[in-house]
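Student: quick one: sequence plus predicted model below, questions after.
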Amino acid sequence: MTIENHEDHDAGTAPDPSGSGVIDTFGRALKDLRISVTDRCNFRCRYCMPKEIFNRDYEFLERELLLSFEEIHRLVGVFAGFGVNKIRITGGEPLLRRGVEDLISMVKSVEGINDVTLTTNASLLQRKASSLAAAGLDRITVSLDSLDNEVFMAMNDVGFSVDDVLAGIEAAGNAGLAPIKINMVVQKGVNDHTVVDMARHFKGTSHIVRYIEYMDVGTTNHWCMDDVVPGKDIVAMISEAFPLEPADPNYTGEVASRWKYADGTGEIGVITSVTQPFCATCTRARISAEGSMYTCLFASNGTDLRSMLRAGATDDELAEAVRSVWIRRDDRYSQLRSSRTAGLRKVEMSYIGG
Ligand code: SAM
Ligand code: SF4
Ligand code: SF4
């Protein structure tokens, strides 16, 4: 069942192609879960948490509003019951959450969960790489928007240096977390002139750079289409320096399209959420730091699972809440991105988790 013919498809009644427990109105199974463990961050990336808004007056979530590790652990068990086996810990900056390693071991211990990953800005990675690996983290993604220090410092807007991120990547590699994915959000006129340098730096290593089209997440970054560098242009730029060949996806629904260096020295990924949306295969749910479930990165509203947890809901009741949200899911924001979606109130990336 593809997304185009969903009108004739009843919510949740088609056979589940993947064997997991629940499918949405477009026949997409619930397979992976991203959990934001904090809405706070020590960076102020201009495209995510611009300083003008995320300043001293900004009201971040109070500690008691955040899900506790025990609450997250319980929810992971409920999601695993539907066949979810991949968990990504994110934020805000997840390494700012004290004891996040304990959460990783707790999530790892849930039956059915076989892949626990984390996305980080690497500011604390040198310090934490070995404890994260020891806790059972399977893989890590590090965000790094340019190797040009001036460009990078202007983008993170707190003066964090490229060398510190590279040291974090090295520490993660030494701790056994390689291959590492390196996320670079490409913005026209900001860092697009450094795309090829990034490729050059990691070519021939086991690490994989993933170029991400700048997206219209949230409302604070004043996104406009002119700021987007289409994935095909990114591939063309790199291919001119280092010829690339398309590679098959590692699995159905992989968000990054893969390109291999023709000389066999590795690969890159390109995430074209804007110019070639992949809503048709989107099997991802998200839980915000305060325990709301979202079924799309661009959603306006979530479902409050924290209140249920704190009111003493049983696992069956929680599972029913998740099921009833998922079977009604009809999100395909990126496919509809146009005047129809302009002006909608959307949650911020730092809140929902990237
Ligand atoms: N703080 C961590 C980090 O930066 O890796 C984790 C959270 S961050 C929200 C997750 C990812 O989302 C990062 O790779 C970031 O670059 C990306 N991101 C944030 N805002 C974005 C936007 N508007 N468009 C595309 N990617 C974005
Ligand atoms: Fe922080 Fe990550 Fe957002 Fe940058 S992209 S401000 S590091 S949450
Ligand atoms: Fe999934 Fe929403 Fe992104 Fe489409 S826009 S791929 S439904 S998160």
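Tutor: Yes, it's here. Ligands and ions are numbered 1, 2, ... in the order given.
Student: how far away from the center of its chain is stretch 55-73?
Tutor: Remark: stretch 55-73 is offset 19 Å from the chain centroid, using C-alpha atoms, centre = their mean, to the nearest Å.
Student: and stretch 205-224, by the same measure?
Tutor: Averaging C-alpha positions (C-alpha atoms, centre = their mean) puts stretch 205-224 10 Å from its chain's average.
Student: right, is that stretch up against ligand 2?
Tutor: No. Stretch 205-224 stays clear of ligand 2 (C-beta under 6 Å from any ligand atom), getting no nearer than 9.7 Å. (Each C-beta comes from the backbone N, C-alpha and C, glycine too.)
Student: give the rounded mean pLDDT of that stretch.
Tutor: When pLDDT is averaged over stretch 205-224, the result is 90.
Student: is any part of that stretch close to ligand 3?
Tutor: No. Stretch 205-224 is not in contact with ligand 3 by C-beta under 6 Å from any ligand atom; minimum separation 8.5 Å.
Student: list the buried residues of stretch 236-243.
Tutor: Residues of stretch 236-243 classed as buried by neighbour count (16 or more other C-beta atoms under 10 Å): 237-239, 242.
Student: tell me which stretches of the stretch 101-250 of the chain form strands.
Tutor: Secondary structure of the stretch 101-250 of the chain (DSSP state E, counting those that start in this stretch): strands at 115-120, 139-143, 181-186, 208-213, 244-247.
Student: tell me what the third one is packed against?
Tutor: Other helices and strands packing on strand 181-186, by 3 or more C-beta pairs under 8 Å, 6 or more residues apart in numbering; DSSP states H and E, are strand 139-143, helix 195-202, strand 208-213.
Student: same list, the ones you listed, but as TSV with distance to residue 52 and mean neighbour count please.
Tutor: Output for the helices and strands packed on strand 181-186, formatted as TSV (distance: least, C-beta to C-beta, whole Å; neighbours: other C-beta atoms under 10 Å):
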stretch	distance to residue 52	mean neighbour count
strand 139-143	21	21
helix 195-202	27	19
strand 208-213	23	22
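Student: would you turn the ones you listed into CSV with distance to residue 230?
Tutor: Shown next, in CSV, are those (distance: least, C-beta to C-beta, whole Å):
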stretch, distance to residue 230
strand 139-143, 21
helix 195-202, 12
strand 208-213, 7
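Student: which residues of the stretch 1-150 of the chain score low on pLDDT?
Tutor: 1-20 (pLDDT under 70).
Student: try 50 this time
Tutor: For the stretch 1-150 of the chain, the stretches with pLDDT under 50 are 1-18.
Student: doesn't residue 129 make contact with residue 177?
Tutor: Yes. Using C-beta atoms under 8 Å, residue 177 makes contact with residue 129 at a distance of 6.6 Å.
Student: out of these two, which sits in the busier spot?
Tutor: residue 129 (25 against 22; other C-beta atoms under 10 Å).
Student: neighbours around the closest residue to residue 43 other than its chain neighbours, how many?
Tutor: Spatial nearest neighbour of residue 43, chain neighbours left out: residue 156 (4.5 Å); criterion: C-beta to C-beta, 6 or more residues apart in numbering. Using other C-beta under 10 Å, residue 156 has 25 other residues around it.
Student: kindly report the same for residue 102.
Tutor: Neighbours around residue 102, by other C-beta under 10 Å: 14.
Student: not counting residues beside it along the chain, what's closest to residue 214?
Tutor: That would be residue 187: by C-beta to C-beta, 6+ apart, it lies 4.8 Å from residue 214.
Student: residue contacts, that neighbour?
Tutor: Going by C-beta atoms under 8 Å, 6 or more residues apart in numbering, residue 187 touches 47, 214, 227-229.
Student: same check on residue 114?
Tutor: Contacts of residue 114 by C-beta under 8 Å, 6+ apart are 85-86, 138.
Student: distance between stretch 124-134 and the chain's centre?
Tutor: Distance of stretch 124-134 from its chain centroid, counting by C-alpha atoms, centre = their mean, is 20 Å.
Student: can you point out the buried residues in that stretch?
Tutor: 124-126, 128-130, 132-133.
Student: max pairwise distance over the residues you listed: which two?
Tutor: Largest separation among these by C-beta to C-beta: 124 and 133, giving 14.2 Å.
Student: quick one: the helices in the stretch 51-200 of the chain?
Tutor: 69-80, 100-108, 125-134, 149-156, 162-172, 195-202 (DSSP state H, counting those that start in this stretch).
Student: run through the stretch 201-350 of the chain and note the low-pLDDT ranges.
Tutor: Where the stretch 201-350 of the chain drops to pLDDT under 50, the residues are 339-341.
Student: could you export the strands of the stretch 101-250 of the chain as JSON lines, including distance to residue 328?
Tutor: Converted to JSON lines, these look like this (distance: least, C-beta to C-beta, whole Å):
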{"stretch": "strand 115-120", "distance to residue 328": "27"}
{"stretch": "strand 139-143", "distance to residue 328": "30"}
{"stretch": "strand 181-186", "distance to residue 328": "31"}
{"stretch": "strand 208-213", "distance to residue 328": "28"}
{"stretch": "strand 244-247", "distance to residue 328": "36"}
